[in-house]
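Peer 1: Generate coordinates for the sequence data below:
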Amino acid sequence: MAYAVVHISIEKKEELIERYSRQVLYEIKSEIYGCCIKLLTGSPSIKEAWEESFYSASQSIRSHGRLYVIQDRDMGDNQVLYDPQSRTAFLINMDYYGWVKSLALSVAGDILEDYHNIYSVHGACLDMRGQGICILGGSGAGKTTHTYGLLRNPRMRVVCDDWFFGRIFGDDVLAYGSEKNFYIRADLPDIWKEFAGLVEKATFDAKGRAVVDLRQVIGKGRIMPLTTIEKVIFLKRDPEQKEIVLPLEMDQALAILEGNGYYNPHLLVHNEFKTNLRRHFFQMLFSRSRVIEVNTTGTPEETQRKISEVIREAESQGL
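Peer 2: I've put the predicted structure just below:
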């Protein structure tokens, strides 16, 4: 990860607001799963990508959290300063919109964890006829590749491809999406040619990414606002491991997730209180779902077949 989060006081926050006020040309309020998160920036490209990513919120609603995306020649690249008291983040000299988007979701997640028992999951979430499938994995494991690979199946629907919010509801764990559109890589059709038309219509940034309306390819009816998670698939790439498909117990899954920082480098607050909240949620998720690890050392098509077999097996068993 190329940035670190530095916590600042609310007094320092006020000082920075005054320092950077002249840069703020755009103020955009958006709804992120019930939270009003406000973008303040002078960058037209960041403003436009943000408006494509998130649902708009009424300008009369007071914001719950704020992101200042600004430039400062006296500071280094990719500086993140965060005031946990006011939920205000300053993203300084950050030109990668993917991090901006993720930090906006993380500000909302910080609020939702503390006050509403709703938790951030940095992973994809799909739905197969009412069965929610969560896909987790570290960088390079193939999470994005195999999420879009599964979407070639017309029976598969999608809640999100990168980040969702989960909550415990009775005996179920529900997953909710919050982004209006998805942020994809330009090389997506190199693996799955079915998405070539989507890429041809997109305008990509300097990082080779674009916010796109996935409905143009898979149809409006296959974007889901929520699902009930029945299965969790951990992806890993380990040439030394012989097993391709490996069931995991709850404690094993939790140890993997916590050992890898929840696969989420964008979390803004780490302390004992947060650890206990997150541990409880993921214990409930893993104890109420079937958890499978899939080793992605094969070709994308080979791994897709293994993942599809796991999903079909669970579907036939009513899991």
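Peer 1: then the longest helix seen in the chain to PDB, C-alphas only?
Peer 2: Taking DSSP state H as the criterion, the chain has its longest helix at helix 97-116. C-alpha atoms of helix 97-116 as PDB (Å, rounded to 0.1, in the frame of the first residue of the first chain):
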ATOM      1  CA  TYR A  97      -9.300   7.800  -8.000                       C
ATOM      2  CA  GLY A  98      -9.600   4.200  -6.800                       C
ATOM      3  CA  TRP A  99      -8.100   5.200  -3.500                       C
ATOM      4  CA  VAL A 100     -10.400   8.200  -3.300                       C
ATOM      5  CA  LYS A 101     -13.400   6.000  -3.800                       C
ATOM      6  CA  SER A 102     -12.300   3.500  -1.300                       C
ATOM      7  CA  LEU A 103     -11.500   6.100   1.400                       C
ATOM      8  CA  ALA A 104     -15.000   7.600   0.900                       C
ATOM      9  CA  LEU A 105     -16.400   4.100   1.600                       C
ATOM     10  CA  SER A 106     -14.100   3.700   4.600                       C
ATOM     11  CA  VAL A 107     -15.300   7.000   6.100                       C
ATOM     12  CA  ALA A 108     -18.900   5.800   5.800                       C
ATOM     13  CA  GLY A 109     -17.800   2.400   7.200                       C
ATOM     14  CA  ASP A 110     -16.200   4.100  10.200                       C
ATOM     15  CA  ILE A 111     -19.500   5.700  11.000                       C
ATOM     16  CA  LEU A 112     -21.600   2.600  10.400                       C
ATOM     17  CA  GLU A 113     -19.400   0.400  12.500                       C
ATOM     18  CA  ASP A 114     -19.700   2.700  15.600                       C
ATOM     19  CA  TYR A 115     -23.300   3.600  15.500                       C
ATOM     20  CA  HIS A 116     -25.200   1.000  13.500                       C
END
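Peer 1: buried set for it?
Peer 2: Residues of helix 97-116 classed as buried by neighbour count (16 or more other Cβ atoms under 10 Å): 97-113. From N, CA and C alone the C-beta is placed, and that goes for glycine too.
Peer 1: same question, stretch 6-13
Peer 2: Ile8, Lys13.
Peer 1: list the helices and strands the longest strand seen in the chain packs on?
Peer 2: As assigned by DSSP state E, the longest strand anywhere in the chain is strand 226-236. Under the contact definition 3 or more Cβ pairs under 8 Å, 6 or more residues apart in numbering; DSSP states H and E, strand 226-236 sits against strand 124-128, strand 131-137, strand 156-160, strand 172-176, helix 250-259, helix 272-287, strand 290-295, helix 300-316.
Peer 1: Parallel or antiparallel, list what pairs with the following helix or strand past it.
Peer 2: Downstream of strand 226-236, the next assigned helix or strand under DSSP states H and E is strand 245-247. Strand 245-247 has its sheet partners listed here by DSSP bridges as strand 290-295 (antiparallel).
Peer 1: hang on, Val80 in a strand?
Peer 2: Yes - assessed with DSSP: H, G, I helix; E, B strand; the rest coil, Val80 lies in a strand.
Peer 1: What is the burial count for it?
Peer 2: 20 (other Cβ atoms under 10 Å).
Peer 1: Do a quick rundown of the strands in the stretch 1-150 of the chain.
Peer 2: Taking DSSP state E, counting those that start in this stretch to define them, one finds strands in the stretch 1-150 of the chain at 5-7, 26-32, 35-41, 55-56, 65-70, 79-83, 88-92, 119-121, 124-128, 131-137.
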